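1. the following comprises the amino acid sequence and a computationally predicted model.
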Amino acid sequence: MKFQLQLNCLAIAILISSFSLTAQSSVAGQLITTDGQEAEFVNVLLLSAADSSAVKLNLSQEDGSYVFKNLDAGDYLLKVMGIGYDDYLGEPFSLANKEAKVIPVIRLTTVATVLDEVEVVAKKPLLEQKAGRLILNVDQSITGQGGSVTDLLKKIPGLVVVNDRVSMAGRQGVTILIDNRPTKYMDLQSLLNEMPADNIARIEVISQPGAAYDAEGTNGIINIILKKNTLFGTNGSITTGIGYGELAKYRLGTQLNHRSGPWNINLGAGFNRRTWIERLALERILTDRTYRQNNYEPGIPLSTYLNLGADYDLNSKNRVGISVNANRSNNENTSENTTQILSTEGAELDRFTTQNKEDRSWRSYTVDGFYRWEIDTAGQVLSLDANLADYQRRAENTLTTTGNNFEDRRNNTPANTRIYAAQLDYKLPFRQHWQFHTGAKISATRLDNELQASLRQNGVWINDANQTNQFDYAEDIYAGYVNLVYTNGEYDFNLGLRYEDSQATGYSVTLDSAINLEIAKVFPSISISTPFIGPLGTAISYSYRIERPGYFDLNPFISYLDPLTFSKGNPFLVPELTHSGQFSLTYEKQPFFNLSYDYTRNVLTEVIEQNDETGEAFQTDINLDKYIRYGGSLFFPLDFIAKPISGYGGFMLFYHDYQAEYLELDYLQNQWTTNAFLQVNVNLPKDWKLEVTGWLQGKGLDGIIRHETFYGLDAGIQKKFFDNKLRVQLSADGIVQKFFVGRIDYANLNYNLTSEWEAPVV
């Protein structure tokens, strides 16, 4: 704490010193489009008011801001020019000696422009760093587009998905949003494996979220943004594809848009048969016997989606909009599990096979409405957002075991979820370079989940009173935040405070037991960035965040893999809390070297426990007392190699340290772990493009599991036809693949496990 206080004091001193450095004549402002978006990389000319001669030329930054420094006193005017915008010419203004003038926000009108005999090639990179977030532009990737959310997440540096568990830089606690809405109440396996990539515009990774974001997510936020067209006129696209790994895959989707006058209407629809396969091999070594289990699980979902949205400009300052998103999926498959029981000498004592026939379906509907009021030209904005989400899941699992005397089992688990949320935000620019942000949010979640468990006796299904249960869950969160922001083109400062009061209640009807989780806390955040030497700069950030247990983590229902292996929730979980700090070196405001430190209490951890007498093993979640992670990352672009080559690479090194009491022993485990990633694009003649991406996760420690190095390599090629109106892509994911191999050696647990997935997929 003393070190953190000294660090904050140093950063504040740097900020204060910046005021004296900028005490000279300057002009600054911001450009936005008519739909309220920041206008980036637009030419801004400072002209002499006397003869309209050019004094200086600048480009707007990613947030639309621009600044002219070291100016003499005099009379000036601004001219703004950019492709796709009407030219803007401002009124003359006077600039006094040592004055820092802030120009009111300039609104640029978007136009559809036809250029004769000029070819303008503008493209976004696959990965771009912008305003504290890393953005994966999905349409710039050849590999992964024909897949699911899981395939896209593997393109994000440092992020790994294994057995539907998402980790960043070797630890979990990642919060996943879809269009800024939470997914913690959804079936994560369905979300990751069955949502088509064709419906996704970009994925944002926010490592240090500010006070305007929910405090949820101790290891950052992944925000999945669905496609929405903003071009003028009527336009659209059709996407189709086929693939094959061990199972066939196919998809078809369309995006349509009409934008004219005050209206902007979007429609997206499609279906996707994104099949997948997972294999899990588990060896459990007890003192007098060994269990060897091999599980094969195919997924054959058929998913459909429909997105409809409309925005309407009431006038130049007021806009309203509504959007409706619908997703449905059906998945019928049969998993097969084979279990061998061996003596200590290796002789087979028993063998049985379990078939798990699953019939699962889910659907989700969301309705969002917004209102935006641009109060004045200085940048004062008031916005209101409200949304309703409805999620329903139906699943029936029938387990049939042969080769032993286990009874057949059937579980029906209908679940209903409804989420209401509303948020009000206000932004007020004041003085020079300063902004004040504030807002409030309220959300209410209601879940009803039932387990109808049955055993087959003499050919008749009989209710299993020991398993049948109903679990109702309600969570209300009340939040408010304030943000103080300073920026002058070189120095940036952001101080935020967020207050959240969450009240959660769970009730097991059958067991007649209740859980209550209530927590009210203030979550501070601060970030400071300053120039260093030439194009180099520094940035310091700190945040305090929370990770609440998910609904499925708390739900005490039992889900069987085979008669001896199952998973269940833990209703006694408490939230984990994390202090996170980061220091970055930036090059032209893009971070390329980071050092970070995280300190977490009550860390939520997935574990496996067993009953030595019965041989049963089960997966659940617990709280470990303390977790510390520190390390660094290095990022680098590949554009400097040669003109046709572009891309991105990086390397991460982190130390993980767990300190807790678990299974009546001191759990003191630590490990250094590495992560590397590389994405290479090669622009070839005649509109051909080649892409190669690879990732590597080194040896590491995840809770109580130590794992070996695993990695993957993908490649793809693309050809454009008819003036870029048609794109044909061929990709191969997992052409080189090393799968997950882990080990647990603690207390009475002596496990070896291997997880494999479908690869390669073409």
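-> Thanks, I have the structure now.

2. any chance you could map the helices in the protein?
-> 2-21, 149-153, 188-194, 551-554 (DSSP state H).

3. tally of neighbours for D359?
-> Per other Cβ atoms under 10 Å, the neighbour tally for D359 reads 15. C-betas here are computed from N, CA, C, even on glycine.

4. my read: it touches R393, true?
-> No. Counting by Cβ atoms under 8 Å, D359 does not reach R393; the two are 11.9 Å apart.

5. go through the helices of the chain and find the least confident stretch.
-> Mean pLDDT is lowest for helix 2-21 out of those, coming in at a mean of 38.

6. what residue is smack in the middle of the protein?
-> By Cα atoms, centre = their mean, the chain has its centre lying nearest to I222, at 1.3 Å.

7. beta partners of that residue?
-> I176, V205 (DSSP bridges).

8. would you mind measuring from it to G299?
-> I222 sits 22 Å away from G299, taking Cβ to Cβ, to the nearest Å as the criterion.

9. show me what A395 is bridged to.
-> R360.

10. is it correct that it is in contact with T413?
-> Yes. Taking contacts as Cβ under 8 Å, A395 lies within contact range of T413: 4.9 Å.

11. rewinding a little: report the contact partners of the residue nearest to the centre of the chain.
-> By Cβ atoms under 8 Å, 6 or more residues apart in numbering, the contact set of I222 is 153, 156, 159, 166, 174-177, 203-206.

12. ok, R743 next?
-> R743 neighbours (Cβ under 8 Å, 6+ apart): 705-707, 751-753.

13. mind checking which of the residues you listed land in strands?
-> Applying DSSP state E to the contacts of R743, the entries found in strands are 705-707, 751-753.

14. and I238, what are its bridge partners?
-> T254.

15. ok, K738 - contacts?
-> Per Cβ under 8 Å, 6+ apart, neighbours of K738: 709-712.

16. what do you get for N681?
-> N681 sits in contact with 126, 645-647, 689-691, where contact means Cβ under 8 Å, 6+ apart.

17. ok, 10 Å please
-> 125-126, 140-142, 638-639, 644-648, 689-693, 718 (Cβ atoms under 10 Å, 6 or more residues apart in numbering).

18. state the distance from it to A201.
-> 19 Å.

19. which ChimeraX command selects the buried ones in the contacts of N681?
-> This is how ChimeraX selects the buried members of the contacts of N681, with burial counted by 16 or more other Cβ atoms under 10 Å:
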select :125,126,140,141,142,646,647,648,689,690,691,692,693,718
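
20. now, the contacts of N681 that are in strands?
-> Among the contacts of N681, DSSP E puts 645-648, 689-693, 718 in strands.

21. Q582: which of those is nearest?
-> Distance to Q582 across those (Cβ to Cβ) is lowest for Y648, with 19.5 Å.

22. from what I can see the closest one touches F677, true?
-> Yes. Shown here, Y648 and F677 form a contact pair, counting by Cβ atoms under 10 Å, at 7.9 Å.

23. what residues are shared contacts of these two?
-> Residues touching both Y648 and F677 (Cβ under 10 Å, 6+ apart): 127, 155, 157, 635, 693.

24. specify the beta-bridge partners of the fourth one.
-> Yep, that's F635 we're talking about. Under the criterion used here (DSSP bridges), F635 is bridged to G650.

25. what number of residues lie near it?
-> Other residues near F635 number 22, with proximity taken as other Cβ under 10 Å.

26. quick check: the gap between Q659 and V603.
-> From Q659 across to V603, the span is 10 Å (Cβ to Cβ).

27. then D512?
-> D512 is 31 Å from V603, by Cβ to Cβ.

28. one more: T505?
-> The value you get for T505 to V603, if Cβ to Cβ is used, is 24 Å.
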